[in-house]
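J.: this one's sequence-less:
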């Protein structure tokens, strides 16, 4: 009689080093291909002017209202969409926060060259109602893209 001699089996093992390498490669791939939060941008084609003022950075930057070609209003450095009524309230709040002895609040309008004119007039009226005395417009130099 011949008995089968069974070989002793080794328990299966998982090679951790290879798994760590694969995980690192996957992590790098995901980090490279992931799109990060995109900041919304407002593309405004500024009108041209031959008398552009380049004063540099002022100590008291103006409040910025952007008007695109469709007439949509955006307010502030984050370009948050607002209605005309919300804009009036925010301008009044900005004037109320400003101390009387402090620098005067300025408003800058960045309007697309194809934006409706009545929207620009509405913004200027809102500034006048909020008692903002200085309203300017962004332009670009003639011949520059």
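T.: Received the coordinates, thanks. Remember, it's a predicted structure, so these values are computed and weren't measured experimentally. Numbering: from 1, shown residues only.

J.: so residue 65 touches residue 75, yeah?
T.: Yes - counting by Cβ atoms under 8 Å, residue 65 touches residue 75, with 5.6 Å between them. Every C-beta, even on glycine, is put in place using the N, C-alpha and C of the backbone.

J.: these two - which one has more neighbours?
T.: Per other Cβ atoms under 10 Å, whichever of residue 65 and residue 75 has more neighbours is residue 65, with 26 against 19.

J.: SS state for the more buried one?
T.: Secondary structure, DSSP: H, G, I helix; E, B strand; the rest coil: residue 65 is strand.

J.: can you name the residues bridging to it?
T.: residue 75, residue 109 (DSSP bridges).

J.: list the contacts of it.
T.: Taking Cβ atoms under 8 Å, 6 or more residues apart in numbering, we find residue 65 in contact with 73-75, 87, 107-110, 123.

J.: just for the chain, where's the confidence low?
T.: Within the chain, the ranges that satisfy pLDDT under 70 run 1-2, 36-59, 101-102, 139-145.

J.: now the strands for it?
T.: Per DSSP state E, the chain carries strands over the ranges 48-49, 63-67, 73-75, 80-82, 106-111, 134-137, 140-141.

J.: could I get these as a markdown table with distance to residue 91?
T.: Shown next, in a markdown table, are the strands of the chain (distance: least, Cβ to Cβ, whole Å):
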| stretch | distance to residue 91 |
| --- | --- |
| strand 48-49 | 25 |
| strand 63-67 | 7 |
| strand 73-75 | 9 |
| strand 80-82 | 10 |
| strand 106-111 | 7 |
| strand 134-137 | 11 |
| strand 140-141 | 25 |
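
J.: any of the contacts of residue 65 buried? List them.
T.: Among the contacts of residue 65, those scoring as buried are 73-75, 87, 107, 109-110, 123 (criterion: 16 or more other Cβ atoms under 10 Å).

J.: give me the number of residues near residue 71?
T.: Residue 71 has 16 neighbouring residues, counting by other Cβ under 10 Å.

J.: nearest spatial neighbour of residue 136, chain-adjacent residues omitted?
T.: residue 108 (5.2 Å; Cβ to Cβ, 6 or more residues apart in numbering).

J.: got it, and residue 64?
T.: According to Cβ to Cβ, 6+ apart, the nearest residue to residue 64 is residue 108 (5.1 Å).
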